[in-house]
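Asker: Here is a sequence with its predicted model. Questions after.
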Amino acid sequence: MSVEHEETVTQIRDTVRKVCEEFSGEYWRAKDRERQYPTEFVDKLTELGLLAALIPEEYGGSGMPISIGSAILTAIHEFGGNAGACHAQMYTMGTVLRHGSEEQKQQYLPGIAAGELRLQAFGVTEPTAGTDTLSISTMAVRKGDQYIVNGQKVWTSRALQSDLMVLLARTTPKDEVKKRSDGLSVFLVDMREAKKNGMTINPIRTMINHSTTEIFFDNVPIPASSLIGEEGKGFRYILSGMNAERILIASESLGDGRYFLKKASDYARERVVFGRPIGQNQGIQFPIARAFANVEAAEAILEKACRYYESDDPRTGTYANMAKMLTSEAAWEAGDVCMQTHGGFAVAEEYDIERKWREARLYRIAPISTNLILSYFAEHVLELPRSY
Ligand SMILES: Cc1cc2nc3c(=O)[nH]c(=O)nc-3n(C[C@H](O)[C@H](O)[C@H](O)COP(=O)(O)OP(=O)(O)OC[C@H]3O[C@@H](n4cnc5c(N)ncnc54)[C@H](O)[C@@H]3O)c2cc1C
């Protein structure tokens, strides 16, 4: 890491720490209780330009590398916040940036960078296809200068807090393509218009405050100019964006891991039972120490993933997935240890641990679950037979 890079990270961590002090546990608890979107927190990050960190300067962002995006999200989670409400504003634009036309970039990126346009909905998952993305059935059929969209998405997070959405849909039916990965296309849908023309969004209440939804498309017309890149090549475009998503989500898990370690160590030092701090007992110390080692090890893989991503190394996919898996597992271990260290107080809402613990669990499932990551390593790195 160069001195300049280290200085930027230090400055960013300092800025994020101050924001998180302003939006403390009490704020997050109230939002969690009501399952309300943390608008004020997101507005503050937007105002500081933090969500536009990865947008090139020529389009109004700060043109930072992914390791800086990673530092921002790590710090939010480490200092008690939750970036799940807005992390997608940082990376969903990558599909437009990498595969959109110059006209689309000029039209959308400056607004996204300024926070005037929210692009934080990413519609891939469908109820019947699940992780098998190539089996999605939402169709976009070309009719003159429009596409007509029919189908259903599920788990489309932040759709109610987004102006635009990156949508993956079939443009050629599965039985008419040579390869299953062909015939899928990506669109940048203006949800403000689509909502007036057959798009219905229903919130899904979950165990965490994540603003996730299901979306129904009933003959929704979208302009042909919404197509990103070439028709039929959408699956490739989506895959390239997923590496950034996994690295950035892994960063949040790293932050969660650090949060739990600090909470656990602080409490273990202060809480006195049987006339001595509980942290003096090795039965309390060792699980915290082991979780620390695992969080640090996961961080080293995350750093490697960032380096590979920044140098366009072909190993990026493997390490982005590995970082996502290891950081989420390390955070979960640290969360469990933090709970055990706090005894009964772990489940008291005012300690924030139970909320963070619920939130940390998600990242072992989304955006991709552990089994699918292991299958990827087995098949693509270890050259074992494909299991499904
Ligand atoms: C809160 C939340 C927010 C989300 N946000 C978004 C979003 O914004 N946009 C979006 O498109 N999606 C989103 N998702 C969807 C998320 O990416 C999926 O839930 C996740 O990829 C798992 O897919 P699934 O739920 O369909 O599980 P399934 O595919 O039904 O799998 C269920 C379980 O079976 C395992 N499994 C499946 N196949 C195999 C196999 N061949 N071998 C071994 N194990 C297997 C999986 O690992 C998993 O553990 C979100 C999900 C949640 C819960």
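Answerer: Nice, I can see it. Residues are numbered from 1 along each chain as shown.
Asker: isn't residue 78 right up against residue 255?
Answerer: Yes. Contact status for residue 78 versus residue 255: in contact at 3.9 Å, counting by CB atoms under 8 Å. Just so you know, the C-beta spots here come from the backbone N, C-alpha and C atoms, and that holds for glycine as well.
Asker: Which one's more surrounded, these two?
Answerer: Taking other CB atoms under 10 Å, residue 78 and residue 255 do not tie; residue 255 has more neighbours (28 against 23).
Asker: Give me the pLDDT value at the nearest residue to that one once chain neighbours are set aside.
Answerer: Using CB to CB, 6 or more residues apart in numbering and skipping residues adjacent in sequence, the residue nearest residue 255 is residue 77, 2.7 Å away. Reading off the confidence values, residue 77 has pLDDT 98.
Asker: Then residue 1?
Answerer: pLDDT recorded at residue 1 is 75.
Asker: Residue 298 versus that one, what's the distance?
Answerer: Summarising the geometry, the distance separating residue 1 from residue 298, computed by CB to CB, to the nearest Å, is 18 Å.
Asker: Repeat that for residue 182.
Answerer: Distance, residue 182 to residue 298, using CB to CB: 36 Å.
Asker: Who has more neighbours out of the two?
Answerer: Between residue 182 and residue 298, counted using other CB under 10 Å, residue 298 has the larger neighbour count: 25 against 18.
Asker: for that one, what are its contacts?
Answerer: Contact criterion CB atoms under 8 Å, 6 or more residues apart in numbering gives 250, 253, 254, 257, 323, 326, 327, 329, 330 as the residues in contact with residue 298.
Asker: residues touching the last one, list them.
Answerer: This points to residue 330. The contact partners of residue 330, by CB under 8 Å, 6+ apart, come to 253, 254, 257, 291, 294, 295, 297, 298.
Asker: Could you do the first one as well?
Answerer: Applying CB under 8 Å, 6+ apart, one finds that residue 250 lies in contact with 70, 298, 302, 305, 320, 323, 324, 326, 327, 328, 363.
Asker: And the pLDDT at the first one?
Answerer: On pLDDT, residue 70 comes in at 98.
Asker: and the residue of the chain found nearest the ligand, what helix or strand is that in?
Answerer: Using CB to the nearest ligand atom, the single residue of the chain nearest to the ligand is residue 130, 2.8 Å away. Assigned by DSSP states H and E, residue 130 belongs to no helix or strand.
Asker: when you give positions from now on, start the count at 58
Answerer: Right, with 58 as the first residue, what we last looked at is residue 187.
Asker: What does it show for phi and psi?
Answerer: With angles defined as degrees, to the nearest 10, residue 187 shows backbone torsions of phi 60, psi -130.
Asker: can you list the domains in this structure?
Answerer: In terms of domains, the chain is parsed into 60-171, 176-292, 296-438 (source: automatic domain parsing).
Asker: Can stretch 294-305 be said to contact the ligand?
Answerer: No. No part of stretch 294-305 sits near the ligand under the criterion CB under 6 Å from any ligand atom; the closest distance found is 9.3 Å.
Asker: Just the residues contacting that stretch, thanks.
Answerer: If you take CB under 8 Å, 6+ apart as the criterion, stretch 294-305 is touched by 111, 123, 126-127, 130, 144-145, 147-149, 151-152, 155-156, 181, 190, 225, 241, 243, 285-286, 359, 362-363, 366, 373-374, 377-378, 380-381, 424-425.
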